[in-house]
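In: My questions are about this predicted structure, shown below with the sequence.
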Number of protein chains: 2
Amino acid sequence: MPSIEEIPAREGRAIRVGRGQALKVINTFGTQVVDFWAFDARDLEVHLSMPHTRAALSRLTPRAGDVLVDNRREPMLSFESDTSPGVHDTVIPPCDRARYLKLGCAADHASCAGNLRLALASLELAVPACPPSFNLWMNIPVLPSGDLEWRETVAKTGDSVVFRALVDCVMVMSACPQEVIRINAGRPVSAQYALLAGESP
Amino acid sequence: MPSIEEIPAREGRAIRVGRGQALKVINTFGTQVVDFWAFDARDLEVHLSMPHTRAALSRLTPRAGDVLVDNRREPMLSFESDTSPGVHDTVIPPCDRARYLKLGCAADHASCAGNLRLALASLELAVPACPPSFNLWMNIPVLPSGDLEWRETVAKTGDSVVFRALVDCVMVMSACPQEVIRINAGRPVSAQYALLAGESP
(Lines give C-alpha, C1' and ligand atoms only; values in the text may rest on other atoms or scores of the structure.)
Protein backbone atom coordinates (compact mmCIF):
# COMPACT_ATOMS: atom_id res chain seq x y z
CA MET A 1 0.00 0.00 0.00
CA PRO A 2 1.37 3.41 -0.86
CA SER A 3 2.06 5.82 1.97
CA ILE A 4 -0.59 8.53 2.25
CA GLU A 5 0.79 11.98 3.04
CA GLU A 6 -1.04 15.07 4.22
CA ILE A 7 -1.31 18.43 2.51
CA PRO A 8 -2.10 20.55 5.58
CA ALA A 9 -4.88 23.10 5.24
CA ARG A 10 -3.66 26.27 3.42
CA GLU A 11 -0.31 24.66 2.54
CA GLY A 12 1.40 23.18 -0.50
CA ARG A 13 3.52 20.10 -1.14
CA ALA A 14 5.91 19.20 -3.98
CA ILE A 15 7.03 15.72 -4.92
CA ARG A 16 9.22 14.17 -7.58
CA VAL A 17 7.29 11.67 -9.69
CA GLY A 18 9.41 9.58 -12.02
CA ARG A 19 8.29 8.58 -15.50
CA GLY A 20 5.77 5.74 -15.13
CA GLN A 21 4.98 6.59 -11.51
CA ALA A 22 1.72 8.27 -10.60
CA LEU A 23 0.40 10.74 -8.07
CA LYS A 24 -2.96 10.29 -6.37
CA VAL A 25 -4.55 13.45 -4.96
CA ILE A 26 -7.29 12.87 -2.40
CA ASN A 27 -10.09 15.26 -1.44
CA THR A 28 -10.10 13.95 2.13
CA PHE A 29 -13.16 15.90 3.31
CA GLY A 30 -14.79 16.44 -0.08
CA THR A 31 -14.94 20.23 0.24
CA GLN A 32 -11.42 21.26 -0.72
CA VAL A 33 -10.01 22.72 -3.93
CA VAL A 34 -6.45 21.62 -4.69
CA ASP A 35 -4.43 23.68 -7.18
CA PHE A 36 -2.13 21.41 -9.16
CA TRP A 37 1.00 21.97 -11.27
CA ALA A 38 3.55 19.71 -12.93
CA PHE A 39 7.03 20.59 -14.19
CA ASP A 40 9.52 18.66 -16.30
CA ALA A 41 12.18 17.58 -13.81
CA ARG A 42 14.92 18.18 -16.41
CA ASP A 43 13.78 21.73 -17.25
CA LEU A 44 11.35 23.53 -14.98
CA GLU A 45 10.50 26.01 -17.73
CA VAL A 46 8.60 23.13 -19.31
CA HIS A 47 5.38 22.78 -17.37
CA LEU A 48 1.88 21.40 -17.57
CA SER A 49 -0.06 23.98 -19.57
CA MET A 50 -3.80 24.29 -19.26
CA PRO A 51 -4.10 26.58 -22.35
CA HIS A 52 -2.22 24.11 -24.53
CA THR A 53 -4.13 21.18 -23.01
CA ARG A 54 -7.44 22.91 -23.80
CA ALA A 55 -6.30 23.28 -27.42
CA ALA A 56 -5.05 19.68 -27.61
CA LEU A 57 -8.31 18.29 -26.22
CA SER A 58 -10.64 20.87 -27.82
CA ARG A 59 -12.28 20.91 -24.39
CA LEU A 60 -12.26 23.38 -21.51
CA THR A 61 -11.59 20.82 -18.77
CA PRO A 62 -9.68 17.53 -18.95
CA ARG A 63 -11.31 14.31 -17.79
CA ALA A 64 -10.06 10.85 -16.89
CA GLY A 65 -8.47 9.17 -19.91
CA ASP A 66 -7.06 12.40 -21.32
CA VAL A 67 -3.41 13.14 -21.94
CA LEU A 68 -2.34 16.54 -20.62
CA VAL A 69 0.35 18.46 -22.48
CA ASP A 70 3.08 20.89 -21.54
CA ASN A 71 3.78 24.39 -22.84
CA ARG A 72 5.67 22.80 -25.77
CA ARG A 73 2.50 20.83 -26.62
CA GLU A 74 4.17 17.51 -25.70
CA PRO A 75 2.42 14.82 -23.60
CA MET A 76 3.35 15.22 -19.93
CA LEU A 77 0.69 13.45 -17.83
CA SER A 78 -1.95 10.83 -18.25
CA PHE A 79 -5.08 11.80 -16.30
CA GLU A 80 -5.60 8.20 -15.34
CA SER A 81 -8.61 8.19 -13.05
CA ASP A 82 -11.12 10.44 -11.31
CA THR A 83 -13.64 9.13 -8.78
CA SER A 84 -15.24 12.59 -8.41
CA PRO A 85 -18.00 14.07 -10.58
CA GLY A 86 -15.18 15.55 -12.72
CA VAL A 87 -15.90 19.19 -11.95
CA HIS A 88 -12.52 20.92 -12.16
CA ASP A 89 -11.38 24.33 -13.42
CA THR A 90 -8.76 25.51 -15.90
CA VAL A 91 -9.76 29.14 -16.49
CA ILE A 92 -9.13 30.83 -13.12
CA PRO A 93 -5.53 31.62 -12.12
CA PRO A 94 -4.17 30.46 -8.75
CA CYS A 95 -4.88 32.81 -5.86
CA ASP A 96 -1.98 35.05 -4.91
CA ARG A 97 -1.03 37.88 -2.58
CA ALA A 98 -2.65 40.49 -4.85
CA ARG A 99 -5.92 38.53 -4.82
CA TYR A 100 -6.10 38.53 -1.01
CA LEU A 101 -5.06 42.17 -0.66
CA LYS A 102 -7.95 43.10 -2.97
CA LEU A 103 -10.27 40.95 -0.83
CA GLY A 104 -9.18 42.89 2.27
CA CYS A 105 -7.03 40.16 3.78
CA ALA A 106 -3.65 40.62 5.46
CA ALA A 107 -0.51 40.83 3.33
CA ASP A 108 0.72 37.53 4.77
CA HIS A 109 -2.42 35.55 3.85
CA ALA A 110 -1.42 32.17 2.43
CA SER A 111 -2.02 31.74 -1.31
CA CYS A 112 -1.73 28.96 -3.87
CA ALA A 113 0.91 30.92 -5.83
CA GLY A 114 2.87 31.39 -2.61
CA ASN A 115 2.42 27.72 -1.73
CA LEU A 116 3.87 26.78 -5.12
CA ARG A 117 7.03 28.78 -4.36
CA LEU A 118 7.35 27.37 -0.84
CA ALA A 119 6.72 23.78 -1.94
CA LEU A 120 9.30 24.00 -4.73
CA ALA A 121 11.75 25.64 -2.31
CA SER A 122 11.41 22.58 -0.04
CA LEU A 123 13.02 20.64 -2.92
CA GLU A 124 15.53 23.50 -3.46
CA LEU A 125 13.78 24.41 -6.72
CA ALA A 126 12.31 27.65 -8.07
CA VAL A 127 10.43 28.82 -11.15
CA PRO A 128 10.43 32.34 -12.61
CA ALA A 129 6.63 32.61 -12.78
CA CYS A 130 3.57 30.76 -11.49
CA PRO A 131 1.93 28.92 -14.41
CA PRO A 132 -1.85 28.62 -14.66
CA SER A 133 -2.88 25.73 -12.41
CA PHE A 134 -5.21 22.79 -12.93
CA ASN A 135 -7.72 23.60 -10.21
CA LEU A 136 -8.91 20.24 -8.96
CA TRP A 137 -12.51 20.22 -7.71
CA MET A 138 -12.86 23.97 -8.27
CA ASN A 139 -16.43 24.53 -9.44
CA ILE A 140 -16.49 27.45 -11.88
CA PRO A 141 -19.34 26.78 -14.31
CA VAL A 142 -19.40 28.74 -17.56
CA LEU A 143 -22.96 29.93 -18.06
CA PRO A 144 -24.40 30.17 -21.60
CA SER A 145 -23.79 33.96 -21.37
CA GLY A 146 -20.07 33.32 -20.85
CA ASP A 147 -20.36 34.49 -17.23
CA LEU A 148 -18.43 32.47 -14.66
CA GLU A 149 -19.87 31.51 -11.29
CA TRP A 150 -17.82 30.72 -8.18
CA ARG A 151 -19.51 27.76 -6.52
CA GLU A 152 -18.71 25.25 -3.81
CA THR A 153 -17.10 21.97 -4.82
CA VAL A 154 -19.33 19.07 -5.72
CA ALA A 155 -16.71 16.45 -4.81
CA LYS A 156 -17.50 13.70 -2.30
CA THR A 157 -15.50 12.75 0.77
CA GLY A 158 -12.45 10.79 -0.27
CA ASP A 159 -12.73 11.49 -4.01
CA SER A 160 -9.41 11.19 -5.78
CA VAL A 161 -7.67 11.79 -9.08
CA VAL A 162 -4.56 10.03 -10.42
CA PHE A 163 -1.98 11.58 -12.75
CA ARG A 164 0.64 9.28 -14.27
CA ALA A 165 3.92 10.92 -15.29
CA LEU A 166 4.87 10.43 -18.94
CA VAL A 167 8.21 12.17 -18.25
CA ASP A 168 10.16 12.66 -15.01
CA CYS A 169 8.15 15.33 -13.22
CA VAL A 170 7.97 17.54 -10.19
CA MET A 171 4.33 17.79 -9.18
CA VAL A 172 2.98 20.42 -6.79
CA MET A 173 -0.32 20.61 -4.94
CA SER A 174 -1.79 23.45 -2.86
CA ALA A 175 -4.74 23.04 -0.51
CA CYS A 176 -6.33 26.35 -1.54
CA PRO A 177 -6.51 28.79 1.41
CA GLN A 178 -9.45 30.73 -0.02
CA GLU A 179 -12.05 31.36 2.70
CA VAL A 180 -13.55 34.66 1.49
CA ILE A 181 -15.02 33.33 -1.75
CA ARG A 182 -16.85 30.09 -0.86
CA ILE A 183 -15.12 27.75 -3.30
CA ASN A 184 -13.91 25.65 -0.34
CA ALA A 185 -17.29 25.79 1.39
CA GLY A 186 -15.89 28.73 3.41
CA ARG A 187 -13.44 26.60 5.41
CA PRO A 188 -10.10 25.51 3.91
CA VAL A 189 -9.13 22.05 5.13
CA SER A 190 -6.37 19.56 4.47
CA ALA A 191 -6.09 17.12 1.58
CA GLN A 192 -3.87 14.10 0.96
CA TYR A 193 -1.66 12.57 -1.69
CA ALA A 194 0.12 9.31 -2.39
CA LEU A 195 2.91 8.33 -4.76
CA LEU A 196 1.88 5.22 -6.66
CA ALA A 197 4.36 2.63 -7.89
CA GLY A 198 5.38 2.72 -11.51
CA GLU A 199 3.52 0.73 -14.09
CA SER A 200 4.24 0.82 -17.77
CA PRO A 201 2.35 3.88 -18.98
CA MET B 1 -7.31 61.57 -38.60
CA PRO B 2 -4.97 58.94 -37.17
CA SER B 3 -2.60 57.22 -39.54
CA ILE B 4 -3.76 53.68 -40.38
CA GLU B 5 -0.96 51.11 -40.54
CA GLU B 6 -1.01 47.63 -42.01
CA ILE B 7 -0.39 44.34 -40.24
CA PRO B 8 0.64 42.28 -43.26
CA ALA B 9 -0.89 38.81 -43.57
CA ARG B 10 0.92 36.29 -41.30
CA GLU B 11 2.97 39.03 -39.62
CA GLY B 12 3.02 40.88 -36.31
CA ARG B 13 3.48 44.49 -35.29
CA ALA B 14 4.41 46.12 -31.96
CA ILE B 15 3.74 49.70 -30.94
CA ARG B 16 4.30 51.82 -27.88
CA VAL B 17 1.01 53.22 -26.55
CA GLY B 18 1.39 55.85 -23.85
CA ARG B 19 -0.96 56.11 -20.89
CA GLY B 20 -4.18 57.72 -22.11
CA GLN B 21 -3.52 56.87 -25.75
CA ALA B 22 -5.45 54.09 -27.45
CA LEU B 23 -4.91 51.45 -30.10
CA LYS B 24 -7.56 50.63 -32.68
CA VAL B 25 -7.28 47.17 -34.29
CA ILE B 26 -9.19 46.78 -37.54
CA ASN B 27 -10.42 43.53 -39.10
CA THR B 28 -9.93 44.93 -42.61
CA PHE B 29 -11.53 42.02 -44.47
CA GLY B 30 -13.69 40.67 -41.64
CA THR B 31 -12.22 37.16 -41.76
CA GLN B 32 -9.00 37.55 -39.80
CA VAL B 33 -8.10 36.57 -36.25
CA VAL B 34 -5.63 38.96 -34.60
CA ASP B 35 -3.76 37.72 -31.52
CA PHE B 36 -3.19 40.60 -29.12
CA TRP B 37 -0.83 41.19 -26.19
CA ALA B 38 0.03 44.18 -24.01
CA PHE B 39 3.06 44.69 -21.77
CA ASP B 40 3.88 47.32 -19.18
CA ALA B 41 6.49 49.51 -20.88
CA ARG B 42 8.39 49.90 -17.58
CA ASP B 43 8.56 46.16 -16.88
CA LEU B 44 7.78 43.67 -19.64
CA GLU B 45 7.25 40.90 -17.09
CA VAL B 46 4.01 42.68 -16.27
CA HIS B 47 1.60 41.84 -19.06
CA LEU B 48 -2.06 41.71 -19.93
CA SER B 49 -3.30 38.45 -18.40
CA MET B 50 -6.36 36.70 -19.73
CA PRO B 51 -6.58 34.29 -16.74
CA HIS B 52 -6.52 37.18 -14.25
CA THR B 53 -8.93 39.19 -16.43
CA ARG B 54 -11.37 36.25 -16.51
CA ALA B 55 -11.24 36.14 -12.69
CA ALA B 56 -11.62 39.94 -12.36
CA LEU B 57 -14.64 40.00 -14.68
CA SER B 58 -16.10 36.61 -13.66
CA ARG B 59 -16.54 36.12 -17.39
CA LEU B 60 -14.74 34.04 -20.01
CA THR B 61 -14.40 36.82 -22.59
CA PRO B 62 -14.09 40.58 -22.08
CA ARG B 63 -16.47 42.94 -23.83
CA ALA B 64 -16.48 46.66 -24.56
CA GLY B 65 -16.62 48.64 -21.33
CA ASP B 66 -14.50 46.17 -19.39
CA VAL B 67 -11.19 46.91 -17.72
CA LEU B 68 -8.53 44.29 -18.49
CA VAL B 69 -5.95 43.49 -15.84
CA ASP B 70 -2.33 42.41 -15.82
CA ASN B 71 -0.69 39.40 -14.17
CA ARG B 72 -0.50 41.42 -10.95
CA ARG B 73 -4.29 41.95 -11.12
CA GLU B 74 -3.88 45.69 -11.73
CA PRO B 75 -5.90 47.58 -14.38
CA MET B 76 -3.90 47.79 -17.63
CA LEU B 77 -6.33 48.48 -20.49
CA SER B 78 -9.79 49.82 -20.99
CA PHE B 79 -11.58 47.80 -23.68
CA GLU B 80 -13.20 50.97 -24.96
CA SER B 81 -15.19 49.90 -27.99
CA ASP B 82 -16.00 46.96 -30.23
CA THR B 83 -18.03 47.30 -33.44
CA SER B 84 -17.95 43.52 -34.04
CA PRO B 85 -20.39 40.94 -32.63
CA GLY B 86 -17.95 40.56 -29.72
CA VAL B 87 -16.90 37.00 -30.44
CA HIS B 88 -13.32 36.74 -29.20
CA ASP B 89 -11.33 34.01 -27.46
CA THR B 90 -9.26 33.81 -24.28
CA VAL B 91 -8.87 30.06 -23.78
CA ILE B 92 -6.70 28.95 -26.74
CA PRO B 93 -2.95 29.72 -26.63
CA PRO B 94 -1.28 31.52 -29.54
CA CYS B 95 -0.15 29.25 -32.37
CA ASP B 96 3.54 28.42 -32.33
CA ARG B 97 6.14 26.34 -34.12
CA ALA B 98 5.11 23.16 -32.25
CA ARG B 99 1.51 23.67 -33.31
CA TYR B 100 2.41 23.82 -37.00
CA LEU B 101 4.86 20.91 -36.83
CA LYS B 102 2.05 18.79 -35.37
CA LEU B 103 -0.23 19.96 -38.20
CA GLY B 104 2.36 18.79 -40.73
CA CYS B 105 3.57 22.26 -41.75
CA ALA B 106 7.18 23.27 -42.41
CA ALA B 107 9.40 24.20 -39.47
CA ASP B 108 9.59 27.80 -40.69
CA HIS B 109 5.80 28.31 -40.81
CA ALA B 110 4.96 31.71 -39.37
CA SER B 111 3.20 31.65 -35.99
CA CYS B 112 1.62 34.15 -33.62
CA ALA B 113 4.16 33.28 -30.88
CA GLY B 114 6.98 33.83 -33.39
CA ASN B 115 5.37 37.06 -34.57
CA LEU B 116 5.31 38.30 -30.96
CA ARG B 117 9.07 37.76 -30.69
CA LEU B 118 9.78 39.40 -34.07
CA ALA B 119 7.50 42.37 -33.40
CA LEU B 120 9.06 43.02 -30.00
CA ALA B 121 12.54 42.64 -31.53
CA SER B 122 11.65 45.43 -33.97
CA LEU B 123 11.50 47.68 -30.88
CA GLU B 124 14.65 46.03 -29.49
CA LEU B 125 12.58 44.32 -26.81
CA ALA B 126 12.21 40.68 -25.73
CA VAL B 127 10.16 38.68 -23.24
CA PRO B 128 11.14 35.37 -21.63
CA ALA B 129 7.89 33.59 -22.51
CA CYS B 130 4.84 34.16 -24.70
CA PRO B 131 1.85 35.02 -22.50
CA PRO B 132 -1.64 33.77 -23.33
CA SER B 133 -3.05 36.15 -25.95
CA PHE B 134 -6.40 37.89 -26.27
CA ASN B 135 -7.50 36.32 -29.55
CA LEU B 136 -9.52 38.99 -31.27
CA TRP B 137 -12.33 37.66 -33.48
CA MET B 138 -11.32 34.05 -32.83
CA ASN B 139 -14.55 32.06 -32.67
CA ILE B 140 -14.13 29.21 -30.18
CA PRO B 141 -17.56 28.54 -28.69
CA VAL B 142 -17.75 26.54 -25.47
CA LEU B 143 -20.53 24.00 -25.91
CA PRO B 144 -22.69 22.99 -22.91
CA SER B 145 -20.58 19.79 -22.75
CA GLY B 146 -17.44 21.88 -22.26
CA ASP B 147 -16.20 20.91 -25.72
CA LEU B 148 -14.61 23.68 -27.77
CA GLU B 149 -15.32 24.18 -31.45
CA TRP B 150 -12.95 25.90 -33.91
CA ARG B 151 -15.15 28.04 -36.13
CA GLU B 152 -14.66 30.83 -38.66
CA THR B 153 -14.84 34.40 -37.45
CA VAL B 154 -18.19 36.13 -37.37
CA ALA B 155 -16.69 39.62 -37.66
CA LYS B 156 -17.77 41.98 -40.42
CA THR B 157 -15.53 43.81 -42.90
CA GLY B 158 -13.92 46.75 -41.15
CA ASP B 159 -14.95 45.77 -37.62
CA SER B 160 -12.66 47.27 -35.00
CA VAL B 161 -11.84 47.21 -31.32
CA VAL B 162 -10.19 49.98 -29.28
CA PHE B 163 -7.98 49.45 -26.23
CA ARG B 164 -7.02 52.51 -24.17
CA ALA B 165 -3.80 52.24 -22.18
CA LEU B 166 -4.18 52.84 -18.45
CA VAL B 167 -0.39 52.63 -18.07
CA ASP B 168 2.43 53.13 -20.58
CA CYS B 169 2.25 50.00 -22.71
CA VAL B 170 3.81 48.09 -25.53
CA MET B 171 1.00 46.48 -27.51
CA VAL B 172 1.55 43.67 -30.00
CA MET B 173 -0.75 42.29 -32.70
CA SER B 174 -0.32 39.24 -34.93
CA ALA B 175 -2.41 38.58 -38.03
CA CYS B 176 -2.77 34.86 -37.30
CA PRO B 177 -1.13 32.73 -40.03
CA GLN B 178 -3.34 29.68 -39.36
CA GLU B 179 -4.61 28.26 -42.67
CA VAL B 180 -4.95 24.56 -41.74
CA ILE B 181 -7.67 25.02 -39.11
CA ARG B 182 -10.29 27.30 -40.67
CA ILE B 183 -10.40 30.00 -37.98
CA ASN B 184 -9.33 32.57 -40.62
CA ALA B 185 -11.75 31.20 -43.20
CA GLY B 186 -8.80 29.19 -44.55
CA ARG B 187 -6.94 32.23 -45.91
CA PRO B 188 -4.87 34.46 -43.62
CA VAL B 189 -5.05 38.08 -44.72
CA SER B 190 -3.81 41.42 -43.47
CA ALA B 191 -5.35 43.59 -40.77
CA GLN B 192 -4.77 47.20 -39.72
CA TYR B 193 -4.20 49.34 -36.66
CA ALA B 194 -4.15 52.98 -35.69
CA LEU B 195 -2.74 54.82 -32.70
CA LEU B 196 -5.41 57.17 -31.35
CA ALA B 197 -4.60 60.44 -29.64
CA GLY B 198 -4.71 60.56 -25.87
CA GLU B 199 -7.86 61.51 -24.03
CA SER B 200 -8.26 61.49 -20.30
CA PRO B 201 -9.03 57.87 -19.51
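Out: Structure received. Predicted model only: the values in this text are computed from it and were never measured. Numbering: from 1, shown residues only, chains lettered A, B, ... in the order given.
In: what about A:Val46, neighbour count?
Out: 18 (other Cβ atoms under 10 Å in any protein chain shown). No exception for glycine: its C-beta is placed from N, CA and C like everyone else's.
In: pretty sure it belongs to a helix, no?
Out: No - counting by DSSP: H, G, I helix; E, B strand; the rest coil, A:Val46 is not part of a helix but strand.
In: Apart from its neighbours in sequence, what residue is nearest it?
Out: Among residues not flanking A:Val46 along the chain, A:Asp40 sits closest, at 3.8 Å (Cβ to Cβ, 6 or more residues apart in numbering or on different chains).
In: and the one you found, what does it touch?
Out: A:Val46, A:His47, A:Asp70, A:Met76, A:Val167, A:Asp168, A:Cys169 (Cβ atoms under 8 Å, 6 or more residues apart in numbering or on different chains).
In: Which pLDDT value goes with it?
Out: For A:Asp40, the model assigns a pLDDT of 98.
In: and the strand or helix carrying A:Tyr100, anywhere near chain B?
Out: For A:Tyr100, the host element (DSSP states H and E) is helix A:97-102. Yes - against chain B, helix A:97-102 shows contacts by Cβ under 8 Å from any Cβ of the partner chain at A:Ala98, A:Arg99, A:Lys102.
In: same question for that helix, mean pLDDT?
Out: For helix A:97-102, mean pLDDT is 96.
In: Report the central residue of chain A.
Out: By Cα atoms, centre = their mean, chain A has its centre lying nearest to A:Phe36, at 1.6 Å.
In: Which strand residues bridge it?
Out: Residues in a beta bridge with A:Phe36, per DSSP bridges, are A:Phe134, A:Met173.
In: And it, how far from chain B?
Out: 15 Å (Cβ to the nearest Cβ, to the nearest Å).
In: Run a quick neighbour tally on the closest residue to A:Ala113 other than its chain neighbours.
Out: Setting aside the residues directly before and after it, A:Ala113 is nearest to A:Asp96 in space (Cβ to Cβ, 6+ apart), at 3.8 Å. A:Asp96: 19 surrounding residues under other Cβ under 10 Å.
In: How about the contacts made by A:Asp96?
Out: By Cβ under 8 Å, 6+ apart, the neighbours of A:Asp96 are A:Ser111, A:Cys112, A:Ala113, A:Gly114, A:Cys130, B:Arg73.
In: Now list the buried members of the contacts of A:Asp40.
Out: A:Val46, A:His47, A:Asp70, A:Met76, A:Val167, A:Cys169 (16 or more other Cβ atoms under 10 Å in any protein chain shown).
In: okay but the fourth one is in contact with A:Cys169, surely?
Out: When you say that, I think you mean A:Met76. Yes - taking contacts as Cβ atoms under 8 Å, A:Met76 lies within contact range of A:Cys169: 7.0 Å.
In: joint contacts of these two?
Out: With Cβ under 8 Å, 6+ apart as the test, A:Met76 and A:Cys169 both reach A:Ala38, A:Asp40.
In: ok, now how distant is the closest residue to A:Pro2 other than its chain neighbours from chain B?
Out: Distance criterion Cβ to Cβ, 6+ apart; nearest residue to A:Pro2, sequence neighbours excluded, is A:Ala194 at 4.2 Å. Separation of A:Ala194 from chain B (Cβ to the nearest Cβ) stands at 28 Å.
In: Run a quick neighbour tally on A:Ala194.
Out: Per other Cβ under 10 Å, the neighbour tally for A:Ala194 reads 17.
In: likewise A:Ser122?
Out: The tally of other residues near A:Ser122 (other Cβ under 10 Å) stands at 12.
In: Go ahead and confirm it touches A:Ile15.
Out: No - using Cβ under 8 Å, A:Ser122 is not in contact with A:Ile15, being 9.7 Å away.
In: Show the average pLDDT along the strand or helix carrying A:Ala14.
Out: Using DSSP H and E, A:Ala14 sits within strand A:12-17. The average pLDDT within strand A:12-17 is 98.
In: mind listing what the helix or strand following that strand pairs with, with the direction of each?
Out: Using DSSP H and E, the next helix or strand after strand A:12-17 towards the C-terminus is strand A:22-27. Paired neighbours of strand A:22-27 in the sheet (DSSP bridges): strand A:159-165 (antiparallel), strand A:191-196 (antiparallel).
In: What segments of chain A are strands?
Out: Along chain A, counting by DSSP state E, strands occupy A:4-7, A:12-17, A:22-27, A:34-40, A:43-47, A:67-69, A:75-82, A:134-136, A:159-165, A:169-175, A:191-196.
In: got a pLDDT number for A:Gly186?
Out: A:Gly186 is assigned 89 on the pLDDT scale.
In: how near is it to B:Met171?
Out: Distance of A:Gly186 to B:Met171, computed by Cβ to Cβ, to the nearest Å: 40 Å.
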